[in-house]
Structures are given as C-alpha cells and as structure tokens.
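Q: With the sequence up front, the predicted model follows.
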Amino acid sequence: MDILARIQAASITAPCLAPQHHHKHLQQLCFPMSTGHHFSCFYMHQNHFPVAMPGHPCRIPSGSIRCQSGAVEAPEMQDVKFSKSMLSFDMGKDRLSKVPASQIRNFSIIAHIDHGKSTLADKLLQVTGTVSDREMKEQFLDNMDLERERGITIKLQAARMRYVAKDGEPYCLNLIDTPGHVDFSYEVSRSLAACEGALLVVDASQGVEAQTLANVYLALENNLEIIPVLNKIDLPGADPERVRNEIEEIVGLDCSEAIFCSAKEEGIGIQEILESIVAKVPPPKDTSMNPLRALIFDSYYDPYRGVIVYFRVVDGSIKIHDKIQFMASGKEYEVDELGVLSPGQMQVNELFAGEVGYLAASIRSVADARVGDTITSSANKAGMALSGYQEAVPMVFCGLFPVDADQFGELREALEKLQLNDAALKYEPESSSAMGFGFRCGFLGLLHMEIVQERLEREYGLNLITTAPSVVYRVQCADNTVVECSNPCELPEPGKRVWIEEPFVNIEMITPKEYIGTLMELAQERRGEFKEMKYITESRASVIYILPLAEMVGDFFDQLKSRSKGYASMEYSLSGYRKSDLVRLDILINGEPMDPLAAIVHKDKAFAVGRALTQKLKELIPRQMFKIPIQAAIGTRVIASESISAMRKDVLAKCYGGDISRKKKLLKKQAEGKKRMKSVGRVEVPQDAFMAVLRLEKEVV
Amino acid sequence: MGSYVTTLCKEITSTLSQLPQASPLKTLFFGGGTPSLLPPQYLSRIVDTLDQHCGFQCDAEISMEMDPGTFDKQTLKQFLGLGVNRVSLGVQSFNEDFLKACGRSHGLQDVYEALDIITGLNVSNWSLDLISSLPHQTLEHWEECLREAIGLSPAHVSVYDLQIEEGTKFGVWYKPGHHPLPDEDKSASFYRLASSLLREAGYEHYEISNYAKPGFQCRHNMVYWKNQPYYGFGLGATSYFNGKRFSRPRKLKGYADFVELCINQSSDNFSANEEYLSFYSNTVESVEDRVCDTIMLSLRLASGLNLNELSKNFGHELRVHICKSFLPFINSGHAVAVDSKFKTVPPDTFSTALSEQSASKVLKDVIFIRLTDPDGFLLSNEIISSLFTDLPIK
C-alpha cells in the first residue's frame, strides 16, 4: 500500500475506494502516444477517485445505479506535478462513472480522407476534457506512423467521453473510429454495427467522395442515425450550400439541420455536434438482463497481455474474471482485464449493455477473437451469435522474398507476429529458382498489402522483393474440376484448361466533370465495361464501370488520382467471376524461365507487356561472358525477344606493387556485387533489375 | 631533393639494419614520379646505401623509369655507370596529337631523341610503354603506333589502357565508354590487335599488359605477380615482407615523420615503438587475403595459377574447390588447365575428373590453370571476381 500512500500524499485528498485490482505492468497505464509515464499516472488517479470539484458536482445518476468501477492503483512515481493541466481534466474526470443506458450514445464518424475526421475527433476529446490540451497530440486516433504518413486510419480505436448536455444530464458518448479505406470495409461495417449513429463529415469545399458514400450506405444498412456535418466552412473555397444539396441528392438525406463546423482551432459547431448526438442518436436498448452478447469491432496483439479485444456490449454484462466464449472460434478464456478506452485504456470491473470497452484474456492470436465475432458468457451462453460475422477473404496475392536469403527465417517470424495481430493476412511458403525461399501472401486489398510490406521492412528491418500482385483465378479444367490459383506458376497447362475466370469489381468513380473523359479512358484501357454515368450535381459525376480486379490491383488508384489531379475518388466492391481470355506470359532469360516474372495477362495485352519487360531486362542486366537471349513467351511461342551481347573487356591494365591492395579492393567489390545478384541459370541478374522489372510489371500488367 | 634523398637513405638504413641478415638484392626498380630527373649523385647515394646494408647479386636487374625529355645522354651514361641496366621509357604514343591528349609534357621530338640516346649507349634491355584507348583513337591509329614500336625492336613492351580516374581533368572531360573515348568493344579490339601483332613479332605475352622478347621479362615486376616479398622505400612506396603489406605516407611531411619513427623504434624507444607498430597493425595479411592475392596476381601471368603451390600453402581442399570454380571458364574457353608436361588438359577430361567424388589422377595432374590470350585476359576481372565470390572462406 505504500505506493498508493505516496500518491495520495502528493495528490488531492480523495474519498478513497479500496483498490481491488493491482496493475502489474507500467505500460498498461499509459495510453498510446502519451508523452511520459507521469502524466498517465496522474491521469488515471484523477479519474478513478471520484472527486467533487467546485462547479462540477459528482453526479450519481438516478435509476439503476451501477456506480464505481474498481479503482486502479497507479504505478510508482516520484514527482506528480500539479498545475493547470489538472484543471483541464475537471470536465472529463467523471467519464468512468456509470450512466443508465438511456444516457449512452454510441457513434462513429464517416468522412473521406482529409475531410477532417481526425481533427474533429481530437476536438471532441478536448472539448469534453477527455484529453488535455497539453497531452493533445494531433490526430490522436491515428497512432501508427504509417497511418499518420498516409493520413488515413487503418486500425480503429474508441474513446469514451463524458458530456453534460444542456438538459443538465451527464451523457456517456462513445466514439468508435472507423478505418477509411475500402480494403477494410468489413471492419468498417463491424464498427458501424457497434453504433447507433454516425456523423457524416463532408468537406464544405470538396463535396461527397466515393468512399464516404460507400460508408454511408454501410451505415444506413446498419440502421444508423446519420447527422450531416459540413466541415471546414471557414476555408475560402467553402460552399456549404452546394455541398448540402449534394448530400441531399446523392445520399437522399435531409440536410436541413446539417451542422456547419470548423474543427480546426476555433472549434465552430463542436457544441452543436455534441448536443445533436445527444438529441438524435438513439440510446442503446437496456438489455443487460439478457445473456451476454458483445460484438468485437477490433482487436490487436499485445506481447505482454495477449490479444486486446475491443467490443460493444450488445446484451447482458461482462465482469472481470468472467469465463467468456468467442462464438465463432469456439475458444474460451477468462477475462484478466476489463476496461474502457478514453482514449487510453482505463480499467473497470464491469461493463453493461450499451457500453464500449476492451478486454484482455491472455488470448494467443487475433484469429481466436476475430472482428465480427460475438463474445458470450461461458456460464450463461446466448442462444445465437450476433449476425454479420465473416472470415476475411484475401483478394490480392503476391510473393514476398527476402533479398538476402539468410533473412528467410526472420521473414517467417515477422509474418507470424503480424498474423497474431492481423487475422486477414494469409501466407504460405513458396520457393523459386530465381528468388530462393519466400512466401506467397494474401491480402484484403492493395493498401493492406502495402501496409504489410512496409511494416515488414520498417518494423522488422527486412529487405524484401515483392512480385507483382495477382488475384485468384478460377480455372475450369478439362477433367471437369475447378482449380483456384493465384500464382501464375501454378496455372494448369494450356492443354488441361477449358477456360479461366477472373474476379471483377464494380467500381464507382466520383469526379469533377472535366476529368470524366480521362477517367473513362483509364477504365477502358483496363478492360473496363461501362455501366452507368450520372451527374450528381452540375459539376460532378459518378461513373460506374465493371472491370477485372487484376486491372485494379496495379496502379489504378494512383492513375485515377494523377489523371484527375487528385480530385476524383473511387470505391469498389467485388461483383463476381467472369470468363476472360487469359494467358500465362513467361519471361525466359537464356532459356530459363524466371518464375517470379511470370504473369497471367489478357491475350490482347500479352505482346505489349512482353515487349516492355524484355526491353527493360535488356537495359538492366549487365553484359556477361556470353550472349544472353531474353524472351517473353506464351507456352512455347516466343512473342518478344531481345538479347544482351557478350561482355568484351573487363581487365585492369596495370598492376604493380603499390597497386595490389587497391586492385584487390576493386575486385573484391566486384565479387561482392556478384553475391548480391540472383542467378537465373548461368545468368547473374542484379537485384535492382529484378525490382525494376517487378515495378514495371505492376504498371503494365 | 637533397633532404628527401637523405630521409630516404635513413629509411633504408633503419629498415635494413634491423634485419638479422639482409640477403643481396636480385632486382632494384626506380619508379613512380619521374626518377630520370634525379641527379646522378643522388642516385649514387641511394645505391651506395643499399650496397652497404645488403649488397647486390652480381646479375641484379636494376631498372629505371625514364620519361622522354627529362634526361640527356650524359645523365643516362652516369646512371648506367652506377649500375642501372634496364631502362623503361614512357613513350605512350607515336602520334603528336595523342601525346597531347594523354596529358604528357613531352612531344614526338623528345621521344625520338630519347630513343637515340638509349640506342647510342647500347642499352640492350629497354622497355617501351604504350597507351591505348585514347580519345578519338581508331584501330588504324593504334596499328600504326604498334608497328612503329615493333620497328624499334625494344626488348620489352608494356601496353596499358588509358585509365580515367575520378577527380582528374580527364575524369571531368571524358566518361569511359562514351565518345570520344572508345567503347568497350573497340577497346577490346585494341587489346586483341596488340596481342596478335606483338606476338607475331616475337614478343611473348607473359602478363596481361606486358610483352617481352625471350629472356627479357621484367624480373622485378615478376616478384609482384608471383606474390613474393619485396622491400619498398620512399614516398608512397609499398613493401611486402614478413607477411605484411605496407604503404608509406604519400605526403613529404608524413613520410619524414614516419622515417623518424622508424629510427626511434630501432633505438628501443617504447612509445615510438608503439606508434610504429600501429602503422603496421592493420597490414598483416589474412589467409583470405593471401588466397585472393595469389589468385589475382598469378592469373595475370601467362603461366597462370600454380595448383601445387596453392595446395601446399592453403590445403588440398582449396585446390579442388578452385578447380570447380574454374570449370565454366574452362568450358567457355576463357581458361585452360595444363598438366605437368605443359600439355593442355581437354575440358571434357577436366570436367569428368571434377565430377568424380575423390580428386582423380587427372586432377592431380593438372598443375596450372591459366587464362587464355586474349579471350581470358580480356575478361580477367570478371573471372577473378567470380573466383573470389566462390571462395569458401569468409
């Protein structure tokens, strides 16, 4: 108890509740991105000892009182500094205290990238005192470097806020953040399913974008109350009236009460938003007497505590030390730790229907507690799981090989670790003569693929070669079987195939009208089939195509952005499989097929792709001691060919006493260079050439 | 000049007097910079110092690099009187434009005057340096130049490529392989032409860049290529003895300090001794270095790599390993295996011998592996670096 005593000595006298649960790890108390432990400790302390402060009486709500979560002991700490930072928490300090379900509001924010979702979320946290000005780090909710750099949210988090509304009642507001990319639409749908309402945030100068639209539809499917918010109204280019009409026309939403807002410094409209959430978003049903059902909307792996599961209690209640079961995976665990996110993890003893929280139960892998699964109580099982659970199905595949063959083991370990945290990531070992040992990996989409690659390189220090992304083809074979294949090398022989089917997507592009032509051109080039075009306002249109997913996984999105100077946006969804005239294009160097460069391409494109790849290889492979033919072939038919003439001269003319060391250095350097090359038969291909050709392949295939 | 020679002689004295017994020198080479500018009295001091501490064998080869336009008949006569018996003349080209282009201070007139002096004094062992792959040079120009050289009948010819070093004015003007410099293919044809014309004229192509009439190989340079030990004295000079390679400081001040250290070291001054040793600390050749040296140097010679010596110094396993590494080059005609009777071992026989588990008699019979002239020589870097890549030692 002396730790607590010391804290108290340094703290405000608090009507103390005996700590019931002891923290073992310091880091458990720190919320993500916190600048130091001191702050976290103080923060915890303040919030766990309900303190009556002048002007903010500690209200114990009437009705069913489930007050007082277990207080938490703060870790050891020497010098708690008391200053104005303390006061800035006054407002948010009671946010752990319980309110009846009728005073809970669960909502999320739907917005396009750059339309100000993160800034708005930050502002809400600040205004409600959930996070102090000092501690406020911009875009609090995006806590991965990668997300920060790309300005998008990949992993979701939640924040519990306490807000005393104009009616004088305290409300518990749970903001559940959603990822902003179509690759993660399943995760988005689960987060939305955990809410009763959503803020639709639209940039008042930009208007509605494709992804926003997709997410609004998801919200409507989940019967969410949608509150339109026009953001950045104080920017010079803002035209809130036009955008208001746009939303009404496209989404069919009544925008007469749309809130005008500017989340940047002044915080225009923030109060209205909070009031509107209280007034419009329906409270969760109080079903706390029913058997426990909680919806998992996110989970991540923590090396100390196992998987941390984020969930929304739909029915019943959950207590620390409860035995729980994950209904889809069937796995049972005991709850070691239970808490809420505010936005750091803060422990409580029990959560009830309508509340949002997290738990830790020494779960070994996120695969045991997948997004969308239902948590129930082992002792009092629910009859039926919540609907909407899906296993993640990878859509895009590529080969990942370590540049340095010695890193194969490290790559495997890194993938294992990432998978603990990413149930959607699939991988299996693959080997190729040119690339050595690596893995064939499956991803939800291109962004997911890039994220995994970057994390492997950045967090695990791996140097990787990635093959061009491919999709899953369905091959109808002569023997009446259907083979699914994502690796060009595993495509059945032409003689054994009857036809090949490939996945197609429905793609919707929203663009200012001046770029309609160029985007239609882009879609045509990518074998797109025009479906529909409609003007959503006078100046903006929505263009819908059906095109092969394989054409999308390359640089389609980059092209869309660059051809529309960044103004167009897109969204896609899988529409099913269709027959296509596809062939396998092989690249041969000195007669040896280079497996990683093999690609499945449309027959009409094979020649152009073959020529581009052979030319690039000719440019990049240095001359060697013999002439090297480079060919592109479909089966045995060569459709493009180049050759590299033999090296003529590579000799150090003079070599005498003083030169020996220097020349040896040169030769050793040359030898080192050879070690970095990949041998394809007798030909040494520099790593760079591989990379460049793979890059080119991503563009041209 | 006088003080430099004094320092140089101090270095010689201090080095040689530390050796228990220095055997008489077989060869001596004055090179680097322009030694022909050295006044004969200084040469005399250097030769005397060497003579005092180790002496010379009676048939010692004493070479001096001389540039046209830097010496007269009297000087050379004095050099010869002091024991110089081999002259290496840096002619470079027999074309006035190319002489200018390769940045030489001498003109064609100087070249012919120098040649007159050498023949006038009946120097029979003299060598001529030529440079190929000069800017704007064509195959016809090069052939003219080679024929002119052959006509003068030197005992020895060295042929180098123009080396473009970064940071030199050449490096700023020209990029290798780009006009007006000849491209790789043209440069290779220059090399082939030199090899065929000089061999036709009776010169043996005994090293990648060197040709000699029978008996006139440069014995001093052979020491380098055979990876044998040698002393080195003077500014920037390198030496290789007691298994250590060492480069002396390239600046006058640094060199003078180094010689001071050498002297103090020999007088049992402890701290100087430490500092002196630190000069040498990184220069002990590792086994890998010695293997690399042996490979890269011996393959420069027409005689090639001596496998018996290789297994004697580094073990039998390495011999088999290296033979395996050579196989693709032997198959492609860039290298040949030679038996104890100096007969070529056919690639098939060599390959079969290697594929058998234990090294068969055939493999034991392979004594030398050498690069072919000109195909193997022309790609020697590629071959040597491949061999390095394959080496089993880290």
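A: Now that the structure is in, tell me what you want to look at.

Q: can you pull the buried residues of the strand ranked longest in chain A?
A: For chain A, the longest strand by residue count, based on DSSP state E, is strand A:497-512. Neighbour-count burial for strand A:497-512 flags A:497, A:500-511 (criterion: 16 or more other Cβ atoms under 10 Å in any protein chain shown). For every residue, glycine as well, the C-beta is placed using N, CA and C.

Q: now stretch A:535-554
A: A:536-537, A:540-554.

Q: among those, which are in strands?
A: Using DSSP E, A:540-548 are the members of these that sit in strands.

Q: ok, so of these, who is nearest chain B?
A: Closest to chain B out of these is A:Pro548 (43.5 Å), distances taken as Cβ to the nearest Cβ.

Q: where's that closest one relative to A:Asp586, distance?
A: A:Pro548 sits at a distance of 21 Å from A:Asp586 (criterion: Cβ to Cβ, to the nearest Å).

Q: Run a quick neighbour tally on residue 386.
A: Went with chain A since none was named. When neighbours are counted by other Cβ atoms under 10 Å in any protein chain shown, A:Leu386 registers 22.

Q: You answered for a different chain; I wanted chain B.
A: For B:Ser386, the count of nearby residues is 19 (other Cβ under 10 Å).

Q: which ones are touching it?
A: Contacts for B:Ser386 (Cβ atoms under 8 Å, 6 or more residues apart in numbering or on different chains) come out as A:671, A:674, B:325, B:329.

Q: Helix, strand, or coil at it?
A: Secondary structure state of B:Ser386, per DSSP: H, G, I helix; E, B strand; the rest coil, is helix.

Q: Spell out which residues of the stretch 201-350 of chain B are next to chain A.
A: With Cβ under 8 Å from any Cβ of the partner chain as the criterion, the stretch 201-350 of chain B meets chain A at residues B:208-209, B:221, B:224-225, B:230, B:232, B:236-240, B:245, B:247, B:289, B:292-293, B:296-297, B:300, B:328-329, B:332, B:334.

Q: Give me the subset of these that lies in strands.
A: B:238-240, B:245, B:247.

Q: which pair in these spans the largest distance?
A: Within these, B:Tyr240 and B:Ser247 form the most distant pair, 10.3 Å apart (Cβ to Cβ).

Q: what about those two, which has more around it?
A: Counting neighbours by other Cβ under 10 Å for B:Tyr240 and for B:Ser247 shows that B:Tyr240 has the greater number, 22 against 16.

Q: That one contacts B:Pro229, correct?
A: Yes. In terms of Cβ atoms under 8 Å, B:Tyr240 counts as a neighbour of B:Pro229; the distance is 5.3 Å.

Q: Would you confirm that A:Pro469 contacts A:Lys698?
A: Yes. Counting by Cβ under 8 Å, A:Lys698 is a contact partner of A:Pro469 at 7.0 Å.

Q: Can you work out which residues contact both of these two?
A: Common contacts of A:Pro469 and A:Lys698 (Cβ under 8 Å, 6+ apart): A:Gly554.

Q: ok, what's across the strand from A:Asp302?
A: Counting by DSSP bridges, A:Asp302 forms beta bridges with A:Gly306.

Q: So for residue 19, what's the pLDDT?
A: Using chain A here. On pLDDT, A:Pro19 comes in at 34.

Q: My question was about chain B, not that one.
A: At B:Leu19, the model reports a pLDDT of 79.

Q: how many other residues sit next to it?
A: Residues lying near B:Leu19 (other Cβ under 10 Å) number 13.

Q: measure the spatially most central residue of chain B to B:Gln57 for me?
A: Centroid check for chain B by Cα atoms, centre = their mean gives B:Asn221 as the closest residue, at 4.7 Å. Distance, B:Asn221 to B:Gln57, by Cβ to Cβ: 17 Å.

Q: Thanks a lot, catch you later.
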